[in-house]
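>>> Dropping a prediction and its sequence here:
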Amino acid sequence: MTEPVPLLAILERNYFQLFELPEQFPLDQSVLNDKYLHLQKVAHPDRYATALARERVMAGQLAAYANEAYHVLKGDLSRAQYLLQLYEVASAEQGASVTEPAILMEQMELREQLEAISQIQDPFAALDQFANDVVVRTEALKQQFSESFSSKAFEDAKRIVNQWQFFDRLKQEVDDLATELEEGN
Amino acid sequence: MAYSDKVIDHYENPRNIGTLDKEDPSVGTGMVGAPACGDVMRLQIKVNDAGIIEDAKFKTYGCGSAIASSSLVTELVKGKTLDQAADIKNMDIAEELALPPVKVHCSVLAEDAIAAAIADIRKKQAVE
C-alpha cells in the first residue's frame, strides 16, 4: 500500500516543481511527457471513486493544473514567459507597448515583405524562404534567451522575449498566408 | 468576436493608409508595438509652418481594432496643433469605436503612436 498522495501540497507547487523539473529553459520533452502522464494517472477520477468528495474535487483540480502546466512548459515561448514570471520579471503584458526602434523597424519591414510576397504571381518559393528565415531568427532568439536567463541577465531575457513574441506572431501570419494560398489553388 | 460598425468601417475602408517621407523635417514618425499581441503600428504626421497637422498617414499590422484605432487617429489629428493632438486620449478612441474592454489596449497603442510621432517632430524642430 503506497502513501496517499498529498494533493493539496502538489497544487501549491509551481509548474516546474509539479513535474519535478529544474527551473531552467532547456527542457527534456520526453521527461515532461512521462511526468505529465504519471500525474494524469495519479489524478485519474477512478482512483477517487470511493474517496471523500473533497478529495475528488482536488483530484480534478490537479488534473486541470497538470494540463495547464504541461501546455505552458511544452511551448518554448510560453515556457520562457513563465520563467520570467517566476523570477518576477514581468514580460510585456496586454496593452504594454514597446518603442525600441530597431525591433519595430525590423518588424514593420518584415510585415511589408510578407505583404509583398502575398501579392506576387507565384509566391510559394518566396514564402518558403521567408518562413525559413523566420524560423532561423526564432531559433536564434531562443538560444539567446537560454543564455541570458541562465546567466541571470533578466532584463536582456525580457527584451529577447518581447522580440520573440513579435516573431511568434509573424510565424502565425506566415502560416495563415500559406493556408490561404493553398486553399486558393 | 463582434466588431462594432465603426470598427468594421475603418477596417474595410481605412483612412490615410500609407507613408510620408520620414526624412522630411516637417514629418514626425511614431512607431509602437505591442509584444503581447504582436501588433506593430506606424503613425506619421506632417506639420505646416503654422504648426498645424495638415496630413497624417498610418500603417498598422495587427487586428481589426488596432487598424481601426490608427485609422481614426489619423482623421482626428488632422487640422489640430501638436498640443491639441497630444490631448487625444485612448478612451476617446475606444469610445468612438465602441471597443470592447479586451480591445481597449489597441486604442492605447494608437495613443502611444501619436505621442511618439509628436515627440519625433518636436525633436526635429528643436534641432532646426
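That came through, no problem. Numbering: from 1, shown residues only, chains lettered A, B, ... in the order given.
>>> Regarding the chain, what is its longest helix?
Picked chain A for this. helix A:154-184 (DSSP state H).
>>> could you do chain B instead?
Max-length helix for chain B by DSSP H is helix B:104-127.
>>> and that one, is it in reach of chain A?
Yes. Counting by CB under 8 Å from any CB of the partner chain, chain A has neighbours in helix B:104-127: B:104-105, B:108-109, B:112, B:116. For the C-beta atoms, the positions are set from N, CA and C on the backbone; glycine is no exception.
>>> now for that helix, which elements pack on it?
Using 3 or more CB pairs under 8 Å, 6 or more residues apart in numbering or on different chains; DSSP states H and E, the elements in contact with helix B:104-127 are strand B:27-34, strand B:39-47, helix B:64-77, helix B:82-86, helix B:90-97.
>>> what's A:A59 in contact with, if anything?
Contact analysis of A:A59 by CB atoms under 8 Å, 6 or more residues apart in numbering or on different chains lists A:7, A:43-45, A:47-48, A:51.
>>> And the pLDDT for it?
Per-residue pLDDT puts A:A59 at 87.
>>> helix, strand or coil for it?
Here A:A59 is helix, with the state taken from DSSP: H, G, I helix; E, B strand; the rest coil.
>>> Now do it against chain B, distance only.
Distance from A:A59 to chain B, counting by CB to the nearest CB, to the nearest Å: 33 Å.
>>> how far away is that residue from A:V174?
According to CB to CB, to the nearest Å, A:A59 stands 41 Å off from A:V174.
>>> Which of the contacts of A:A59 ranks first by neighbour count?
A:A43 (22 neighbours; other CB atoms under 10 Å in any protein chain shown).
>>> hang on, the earlier thing: dump the contacts of A:A59 to CSV, plus pLDDT.
Converted to CSV, the contacts of A:A59 look like this (pLDDT from 0 to 100):
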residue, pLDDT
A:L7, 74
A:A43, 85
A:H44, 85
A:P45, 80
A:R47, 83
A:Y48, 81
A:A51, 77
